[in-house]
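Peer 1: let me see the structure of the following:
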Amino acid sequence: MARMYSHKRGKSGSKKPPVKVVPRWVKLKKQDVINLVIDLAKQKYSSAMIGMILRDQYGIPDVKVLTGKTITQIMKENKLYPEFPEDLMNLFKKAVNLYAHLSTHKSDKHSKRGLECLESKIRRLLKYYKRKGRIPKDFKYDIEKIKLIIQK
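Peer 2: Numbering: from 1, shown residues only. Reported below is the predicted structural model:
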């Protein structure tokens, strides 16, 4: 007999509170939070990392409730958002690491298949971002070019 799972099947991690109200314990004002985001972005932290730092070290559960803008919007307004979107950069890093692994372990068929699937996902995401105008239309996926982008 199959088990009955709750509605959270397959999901983990914390969930945002359903109520969109600034909690009483948050003492920072809107401008203080914006300045914190800008400072952390200047230190080359990703938007996800900035959110975790604000949550864990400053007790800010949701930047958007407090400021009316997301972390990414604040970064873009201050021209601190990276050239490539964060999700795409994470996939680029994963592909470079997998490519390096395959250069030393040539007969690893499972990782080879994983790289093919990952590159397919990257190409689909590139097509989407080109259509949205987030990356240049003439950008082509090439592992050597990606290595250089990640080193920046």
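Peer 1: longest helix of the chain?
Peer 2: As assigned by DSSP state H, the longest helix anywhere in the chain is helix 109-132.
Peer 1: so which elements touch the helix or strand that comes right after it?
Peer 2: The helix or strand immediately downstream of helix 109-132 is helix 143-151, counting by DSSP states H and E. Contacts defined by 3 or more C-beta pairs under 8 Å, 6 or more residues apart in numbering; DSSP states H and E place helix 143-151 against helix 86-104. Glycine gets a C-beta too; all of them are placed from N, C-alpha and C.
Peer 1: returning to that earlier point: put the alpha carbons of the longest helix of the chain into PDB.
Peer 2: C-alpha atoms of helix 109-132 as PDB (Å, rounded to 0.1, in the frame of the first residue of the first chain):
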ATOM      1  CA  LYS A 109      29.300   7.700 -18.500                       C
ATOM      2  CA  HIS A 110      26.800   8.900 -15.800                       C
ATOM      3  CA  SER A 111      28.600  12.200 -15.500                       C
ATOM      4  CA  LYS A 112      28.800  12.500 -19.300                       C
ATOM      5  CA  ARG A 113      25.000  12.100 -19.500                       C
ATOM      6  CA  GLY A 114      24.700  14.600 -16.600                       C
ATOM      7  CA  LEU A 115      26.700  17.100 -18.600                       C
ATOM      8  CA  GLU A 116      24.600  16.700 -21.700                       C
ATOM      9  CA  CYS A 117      21.400  17.300 -19.700                       C
ATOM     10  CA  LEU A 118      23.000  20.300 -18.000                       C
ATOM     11  CA  GLU A 119      24.100  21.800 -21.200                       C
ATOM     12  CA  SER A 120      20.600  21.300 -22.600                       C
ATOM     13  CA  LYS A 121      19.200  23.100 -19.600                       C
ATOM     14  CA  ILE A 122      21.700  26.000 -20.100                       C
ATOM     15  CA  ARG A 123      20.800  26.300 -23.800                       C
ATOM     16  CA  ARG A 124      17.100  26.500 -23.000                       C
ATOM     17  CA  LEU A 125      17.700  29.100 -20.300                       C
ATOM     18  CA  LEU A 126      19.900  31.100 -22.700                       C
ATOM     19  CA  LYS A 127      17.200  31.100 -25.300                       C
ATOM     20  CA  TYR A 128      14.700  32.400 -22.700                       C
ATOM     21  CA  TYR A 129      17.100  35.200 -21.500                       C
ATOM     22  CA  LYS A 130      17.900  36.200 -25.100                       C
ATOM     23  CA  ARG A 131      14.200  36.500 -25.800                       C
ATOM     24  CA  LYS A 132      13.700  38.600 -22.600                       C
END
